[in-house]
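**Student:** Okay, sequence plus prediction incoming.
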Amino acid sequence: MAEVPTIRWGIVATGMISSWFVEDLVLDRPDAPVKHIIQAIGSSALEKGQSFVSKYCPNSTPTIYASYEEVYNDPSVDIIYIGTPHAFHKRNCLDAIAAGKPVLCEKSFTINAAEAKEVFKAAADRNVYVHEAMWLRHRPLVHNLRKLLFEKKIIGDVFRSYIDFGMEVDIPSLPSTSRYKDLALGAGSLLDIGLYSLTWAMLTLDAGMPGNSEKPKVQASQTHLHGVEVTSSILLEYPSTGRHGIALSTTMGPGHPNCFGRVSGTGGYVELEGVQPSHPVSFTVFRKDENGEIPVKGETFDFPRVGRGFIYEADNTALDVLAGRKENALVPWSETIRVMELMDEIRRQGGTVYPVDRV
Ligand SMILES: NC(=O)C1=CN([C@@H]2O[C@H](COP(=O)(O)OP(=O)(O)OC[C@H]3O[C@@H](n4cnc5c(N)ncnc54)[C@H](OP(=O)(O)O)[C@@H]3O)[C@@H](O)[C@H]2O)C=CC1
Ligand SMILES: O=C1OC[C@@H](O)[C@H](O)[C@H]1O
């Protein structure tokens, strides 16, 4: 068997997403194009780092640091993964870039577009790789669907997409330090989960993205509870095609248990399936028959379920870094800025302000 290249990850923070990401990195995959090594872990406390390793990557032997700085400066680390809450992403990215390390940083990339631009400017100045970890954009399911929609025109001309991300979070009973409640950490449904609904809408309405994305017009409304934005309802309209997107997010209650969205076309529709828009597993195409009728049973396209699905993003990132690229082709810097600007506008209309917006 041909030797595959190796990449050594430095994981910053030991919360939920870091555990999901690391569990997928260490999956035994004979067909993986890259060998992923967990080289270092950075945490606020050594014991947290130790317990993280024994739970999520017990067969790895990373160096565990009680600071993030030491991970950035470890010469045996090839790339940094940032899994802190939104409000820390700018600082963490800037620190990693200053150490000359490539970065894969969780979504939302920053709190606002100004912060994202600051990070990309620093990356450009230092000639360092940076990539927003919008894992959805790396999934084969998404590429397959876009091909069917825009190349094969399987449902004719797409004219509308409806995407709903509902997740019940009991904000009143959470501690004030929770990332779901603390505005200083970036709490709010839009940055956390509405971003997926927006991304899905863009993926299914704009054939040109990410290289030649069209800027949609946006109308939005947001509701707040205890000062935290808990419901965002967004209407997108694409000027060149008239296509509409309805992108929804809420932490007030769960969404549909299996179908989180629908893409409508002149020749039928596609149902998007999975427990949440962040975890799509299949889609079903309902096409008009020769009589112009939509059959009751559609054609389902199912996709392999490998871990939680982070491997596609992880492999692509590793291949970028090993090839010396500075941006990822599926999530280029311009696309991250575009989405952050859209979310800034949605928050402006909806009345959601974070402390850093005022700086
Ligand atoms: N792609 C995806 O599917 C998902 C992405 N995410 C994204 O990942 C990021 C983190 O989310 P999640 O893992 O759920 O968050 P958690 O609260 O579970 O973990 C965040 C970690 O960040 C570190 N941290 C540093 N400073 C603070 C602070 N003041 N308060 C809290 N944590 C701090 C801590 O690690 P330590 O103490 O070790 O330093 C903590 O464990 C967010 O950007 C979120 O949007 C989240 C879930 C899924
Ligand atoms: O990215 C995410 O997707 C899954 C959710 O559970 C989580 O809150 C969010 O950050």
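**Tutor:** All right, it came through fine. Numbers count the residues shown, from 1 in each chain. Ligands and ions are numbered 1, 2, ... in the order given.

**Student:** tally of neighbours for the residue of the chain at minimum distance from ligand 2?
**Tutor:** Residue nearest to ligand 2 within the chain (CB to the nearest ligand atom): residue 278, separated by 3.9 Å. Backbone N, C-alpha and C define where each C-beta goes, glycine included. Neighbouring residues of residue 278 were enumerated by other CB atoms under 10 Å; the total is 22.

**Student:** Now do the contacts for it.
**Tutor:** Neighbouring residues of residue 278 by CB atoms under 8 Å, 6 or more residues apart in numbering: 135-136, 165, 193, 196.

**Student:** Also residue 338?
**Tutor:** Residue 338 is in contact with 213, 215, counting by CB under 8 Å, 6+ apart.

**Student:** if we can go back for a sec, tell me the one of the contacts of residue 278 nearest residue 213?
**Tutor:** residue 136 (15.5 Å; CB to CB).

**Student:** Quick one: end-to-end length of stretch 231-245, please.
**Tutor:** 17 Å (CA to CA, to the nearest Å).

**Student:** Show me the residue at the heart of this protein, geometrically.
**Tutor:** Central residue of the chain (CA atoms, centre = their mean): residue 134, 2.5 Å from the mean position.

**Student:** Retrieve the pLDDT associated with the nearest residue to residue 249 once chain neighbours are set aside.
**Tutor:** Spatial nearest neighbour of residue 249, chain neighbours left out: residue 194 (3.3 Å); criterion: CB to CB, 6 or more residues apart in numbering. At residue 194, the model reports a pLDDT of 98.

**Student:** my read: residue 194 touches residue 247, true?
**Tutor:** Yes - contact criterion CB atoms under 8 Å: residue 194 and residue 247 qualify, at 6.7 Å.

**Student:** list the residues that contact both of the two?
**Tutor:** With CB under 8 Å, 6+ apart, residue 194 and residue 247 have common neighbours 232, 234.

**Student:** Would you agree the residue of the chain closest to ligand 2 falls within a strand?
**Tutor:** No - counting by DSSP: H, G, I helix; E, B strand; the rest coil, residue 278 is not found in a strand; it is coil.

**Student:** Distance of it relative to residue 89?
**Tutor:** 18 Å (CB to CB, to the nearest Å).
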